[in-house]
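Novice: Quick one, structure for this:
(chains A and B)
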Amino acid sequence: MSRTKAFLFGQTAEHQPPEAYTYPLLPPPQSTQATFASHSSASACATPNSCSCQPPKPTNADTQHEALIKADLQEAERADGISRREMLQHLLIGVAATAAVTSGCSENLEKGSLNWEEYFKKNYRVMTAQERTDTVQRLERLAQMRNEKKPSIQTKSAIPGVLYGYAFNISKCKGYMDCVEACIKENNLDRKSGMQYIRMFEIEKGKFNVNLDHADGTYHHEVPAAGHVYMGTQCFQCENPPCVTVCPVGATWKEDDGIVVIDYDWCIGCRYCQSACPYWARRFNWHEPVVPDAEVNPIQHYLGNRKRKKGVMEKCTFCIQRSREGKLPACAEACPTGARVFGNLLDPNSEIRYVLANKKVFRLKEDLGTEPKFWYFMD
Amino acid sequence: MTRPLWLLALLFPTLQACKIACHPPGHHTSVHDTIQKKQQSSPPSSRLFPESTTQINPKQTIPVRWDAPSRDFFVHKRTPHLKRYPCSGCHDDKMRYDSPERFRATHGDISLKHAPLGTLQCQSCHQRKKMDQLALPAGGSASFDHAHQLCASCHQSQARDWAGGAHGKRVSFWYGPRTLESCTSCHNPHQPLFPKKWPKIRYRPFHPHKARSNR
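Specialist: Sure, this is the predicted structure:
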């Protein structure tokens, strides 16, 4: 089965178009002999499971498609000012729609056209409000078609007058890892590879250095151990993020409220950002993330915890779906010791500003000039 | 004498040119500068947040004024969560210590590990006569909801940080009226040190000194 076709029809195991049927843009099939007139209508089947439809007669379909492509091309040439992307998009939607109609499944028709539109959508930053709404609707519908829990994906943009900052009290943290667990649940992290945004380190007192050379990121015993301190790292949402500078396609950027985000549908998975980040904050999806349906957090953000794909980067976003609603990130809420302080850096009365003004603070690898918005402090 | 001056005059623009080439203006920004620049803008509008961020439930919180009215905040009530409250349900007149057996039968789950052994007794913090109140060391009483007043009489620096925001926990929202957890929501007043326990989940093996990439 060709890759294009697989994409068009989705990778469902229950129903896949028969092997003999090739996508109309590819060379026409020679071997199919049977006629399937009775199955060619779109209403022949409603669900993929009950679908027993077969491919249509290829010769008719081919001429139809060629005519359609020609007509589409002519129309595109006539239309003044139509962009190349739009033209291509219309053309392919038309072809996909025809292919799906002739294959005879309304569900597949819808899925195919949704997938095509998803494939040719813009970078999130240049989308209009309408386009954002449309893509969210498509993503929600596609999740429903995959029989997953229906997500509610927000597109809330940065709130003016807010700059998020985080502080971590290394004399309070006891290494209980409640934050790590809360993060995994909140952000729908891949359970198969055991992905974690937060890393906890156990450091013997007096052996701390900024490169964390003597930090133990593998501890698993009763905590707190005597003579040790604990510190967590995650994405620090740098003011000069090196990961953003190196991205060759502009799939990651810093929002106005200081959060560095990724457009998962624009990322090509080159992992430049991963090697550019001096804080080991970025994660790569080596396979399709696995989250049990019952554990999926349906409250999602387009730039945050929505379903990721195989081969894209992801990272901590200070729980963008929570923080833009005025809530604390999941890690700060879960911490039983109060070691995590989160707030608005622009508000002089905020807790984070109190920490910066009254406590001894430092940031990791400050000499690199990345200017993280994540401070460590001591009592 | 003229030669070094001449050299300096040449060196200065060269260095400036290098500086501009390496760090184009506007490229590197410090958080401090960003805060200075953006602080002029108006504070975030409450219309952009859900209503729940600004709502206060008077049944669960009490208002606290610490130093200045501009820093007023709220504290979660403790009395709804106390197991044996109100104390006057049993102690009709005043606190008595009859026998160790009787104490074990009624308050056996309490073991006092607060301050060096023998420093504190029950009556150091609990009123002997009005049992539903806490006793402040300076005299007077405070309700169980205002436990922070009692804690603050010894732990001044922690109390200052708690009121400021560097100690303790804020409840649910970073936006809206500040609601804090009470001292005794997190610390068991009879054993204020956090207990030893196993981490919630298992680590993902990671060695920073070996990591070239950060899978």
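
Novice: low-scoring pLDDT stretches of the chain, where are they?
Specialist: Since no chain was named, I'll use chain A. A:1-104 (pLDDT under 70).

Novice: I was after chain B.
Specialist: B:1-4, B:7-8, B:12-27, B:203-215.

Novice: from it, which residue is nearest to chain A?
Specialist: Distances between chain B and chain A by CB to the nearest CB are smallest at B:Gly165, namely 2.6 Å. Heads up, the C-betas are built off the backbone N, CA and C, glycines and all.

Novice: surely that residue meets A:Asn358?
Specialist: No - with contact defined as CB atoms under 8 Å, B:Gly165 does not count as touching A:Asn358 (9.0 Å).

Novice: When the two are compared, which one has more neighbours?
Specialist: B:Gly165 (23 against 14; other CB atoms under 10 Å in any protein chain shown).

Novice: quick one: the strands in chain A?
Specialist: Assigned by DSSP state E, chain A shows strands spanning A:152-154, A:164-169, A:199-204, A:228-233, A:252-254, A:260-262, A:283-284, A:299-301, A:313-314, A:340-344, A:360-362, A:374-378.

Novice: Mind giving me the packing neighbours of the fourth one?
Specialist: The one in question is strand A:228-233. If you count contacts as 3 or more CB pairs under 8 Å, 6 or more residues apart in numbering or on different chains; DSSP states H and E, strand A:228-233 packs onto strand A:199-204.

Novice: Can you give the contact residues for the strand it packs on?
Specialist: Applying CB atoms under 8 Å, 6 or more residues apart in numbering or on different chains, the external contacts of strand A:199-204 come out as A:175, A:177, A:179-180, A:212, A:214-217, A:219, A:223, A:225, A:227-234, A:280, B:199, B:203-204, B:206, B:208.

Novice: on that earlier part again, save the strands of chain A as CSV, and put in distance to A:Gln130 too.
Specialist: Formatted as CSV, these follow (distance: least, CB to CB, whole Å):
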stretch, distance to A:Gln130
strand A:152-154, 15
strand A:164-169, 28
strand A:199-204, 40
strand A:228-233, 39
strand A:252-254, 21
strand A:260-262, 21
strand A:283-284, 32
strand A:299-301, 18
strand A:313-314, 27
strand A:340-344, 30
strand A:360-362, 44
strand A:374-378, 36
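
Novice: and B:Lys94, which of these is closest to it?
Specialist: For B:Lys94, the closest of those is strand A:164-169, at 41.2 Å, according to CB to CB.

Novice: Within its sheet, name the partner strands of the closest one and how each one runs.
Specialist: Partners of strand A:164-169 in the sheet, by DSSP bridges, are strand A:340-344 (antiparallel), strand A:374-378 (parallel).

Novice: quick one: buried residues of the last one?
Specialist: Residues A:374-377 are the ones in strand A:374-378 that count as buried (16 or more other CB atoms under 10 Å in any protein chain shown).

Novice: Report the angle between that strand and strand A:228-233.
Specialist: Counting by axes from the mean of the first three to the mean of the last three CA atoms, to 10 degrees, strand A:374-378 lies at 160 degrees to strand A:228-233.

Novice: any idea how far strand A:374-378 is from the chain center?
Specialist: Taking CA atoms, centre = their mean, to the nearest Å, one finds strand A:374-378 lying 29 Å from the centre of the chain it belongs to.

Novice: Find the nearest non-adjacent residue to the residue positioned nearest the centre of chain B, please.
Specialist: Of all residues in chain B, the one closest to the mean position by CA atoms, centre = their mean is B:Gly168, 1.9 Å from it. Spatially, and ignoring its direct neighbours in sequence, B:Gly168 is nearest to B:Trp162 (4.4 Å; CB to CB, 6 or more residues apart in numbering or on different chains).

Novice: If anything else comes up later, I'll come back, but that's it for now.
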